[in-house]
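Asks: sequence unknown, structure follows:
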Ligand SMILES: [Zn+2]
């Protein structure tokens, strides 16, 4: 389990050719750049796991790979799915797409810069799901969950879980908090709604999976050079980030 302590969980958003992007910002990445990053993971012998794998590892029914990594795509845009899935499959890497269920097959409304980007449809999900591509929840409405009443949070989350499970026929284990924002109410509601894992961005916990409802992720930006990417997937980067975030949290900074 030692290998899970500071393992990288990468956070991507929109994978799109720059010439086709309506707006280009740090939430975008060119497919060719993603391919170069995935090649690096393969070269360095990382094993990409999904949440079913993580569950088996934590239950002790599966050995933890030497160098685990998780590759996650927030918002499950169709464009990301279409561009990333073939790159992942060709390299035997698993990718995880977190989807906002009220927007399945509809235009995104929360990321203003890419307000017309389409979320994957039911047909897309069915077509792409498989051993390399899994779908988890990014809530029903992409609300700032800490602002909602506890019952409302739980309703949103259990509804979203049910919708995805009905489409895929697979168990949904993880909730990716919209905007990475959570508090104790959100974490409790996630557990009550039947999730096993809650994905944040920055957290006060030092190790990645010290608290399974407050799992840290690494934001990969389009402005990152391949050198920056290599640094961000190293366990020492994640180790030091853990210390920094824990200290900030103690001081009450975000
Ligand atoms: Zn999002």
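Replies: Ah, there it is. All figures in this text were calculated on a predicted structure; none of them were measured in a lab.
Asks: now do the contacts for residue 99.
Replies: Shown in contact with residue 99 (C-beta atoms under 8 Å, 6 or more residues apart in numbering): 75, 76, 119, 120, 125, 135, 136, 137, 138, 164. Glycine gets a C-beta too; all of them are placed from N, C-alpha and C.
Asks: just curious, which of the residues you listed is nearest to residue 6?
Replies: residue 136 (21.8 Å; C-beta to C-beta).
Asks: how near is the closest one to residue 1?
Replies: Going from residue 136 to residue 1 by C-beta to C-beta, to the nearest Å gives 22 Å.
Asks: re the thing from before, filter the contacts of residue 99 down to the ones close to the ion.
Replies: residue 75 (C-beta under 5 Å from the ion).
Asks: so which of the contacts of residue 99 are in helices?
Replies: 125, 164 (DSSP state H).
Asks: among the contacts of residue 99, which one has the most neighbours?
Replies: residue 137 (30 neighbours; other C-beta atoms under 10 Å).
Asks: tally of neighbours for residue 216?
Replies: Neighbours around residue 216, by other C-beta under 10 Å: 27.
Asks: you'd agree it is up against residue 208?
Replies: Yes: with contact defined as C-beta atoms under 8 Å, residue 216 reaches residue 208; the gap is 5.2 Å.
Asks: need the residues touching each of these two.
Replies: 9, 238, 242.
Asks: residues touching the first one, list them.
Replies: For residue 9, the contacting residues are 69, 70, 72, 199, 208, 215, 216, 217, 218, by C-beta under 8 Å, 6+ apart.
Asks: what about those, which are in helices?
Replies: Mapping the contacts of residue 9 onto helices (DSSP H) picks out no residues; all lie outside.
Asks: any chance of those residues in a markdown table, with pLDDT and distance to residue 151 too?
Replies: Formatted as a markdown table, these follow (pLDDT from 0 to 100; distance: C-beta to C-beta, whole Å):
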| residue | pLDDT | distance to residue 151 |
| --- | --- | --- |
| 69 | 98 | 36 |
| 70 | 98 | 31 |
| 72 | 98 | 28 |
| 199 | 97 | 22 |
| 208 | 86 | 30 |
| 215 | 96 | 24 |
| 216 | 94 | 28 |
| 217 | 95 | 27 |
| 218 | 94 | 33 |
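Asks: include distance to the ion when you put these into a markdown table, please.
Replies: Compiled in a markdown table, the contacts of residue 9 are given as follows (distance: C-beta to the ion, whole Å):
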| residue | distance to the ion |
| --- | --- |
| 69 | 21 |
| 70 | 16 |
| 72 | 11 |
| 199 | 11 |
| 208 | 20 |
| 215 | 16 |
| 216 | 16 |
| 217 | 12 |
| 218 | 16 |
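Asks: ok, and the most crowded of those?
Replies: residue 199 (30 neighbours).
Asks: give the contact list for that residue.
Replies: 9, 72, 98, 174, 175, 176, 177, 180, 215, 217.
Asks: contacts only, for the residue nearest the centre of the chain.
Replies: The centre of the chain sits closest to residue 72, judged by C-alpha atoms, centre = their mean, with a distance of 3.6 Å. Residues in contact with residue 72, defined by C-beta under 8 Å, 6+ apart, are 9, 10, 11, 12, 95, 96, 97, 98, 176, 199, 217.
Asks: helices along the protein, start to end?
Replies: Using DSSP H, helices in the chain cover 31-43, 51-59, 78-90, 122-128, 150-168, 184-192, 226-232, 235-251.
Asks: got these as JSON lines, with mean pLDDT columns?
Replies: Output for the helices of the chain, formatted as JSON lines (pLDDT from 0 to 100):
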{"stretch": "helix 31-43", "mean pLDDT": "98"}
{"stretch": "helix 51-59", "mean pLDDT": "96"}
{"stretch": "helix 78-90", "mean pLDDT": "97"}
{"stretch": "helix 122-128", "mean pLDDT": "98"}
{"stretch": "helix 150-168", "mean pLDDT": "97"}
{"stretch": "helix 184-192", "mean pLDDT": "97"}
{"stretch": "helix 226-232", "mean pLDDT": "96"}
{"stretch": "helix 235-251", "mean pLDDT": "86"}
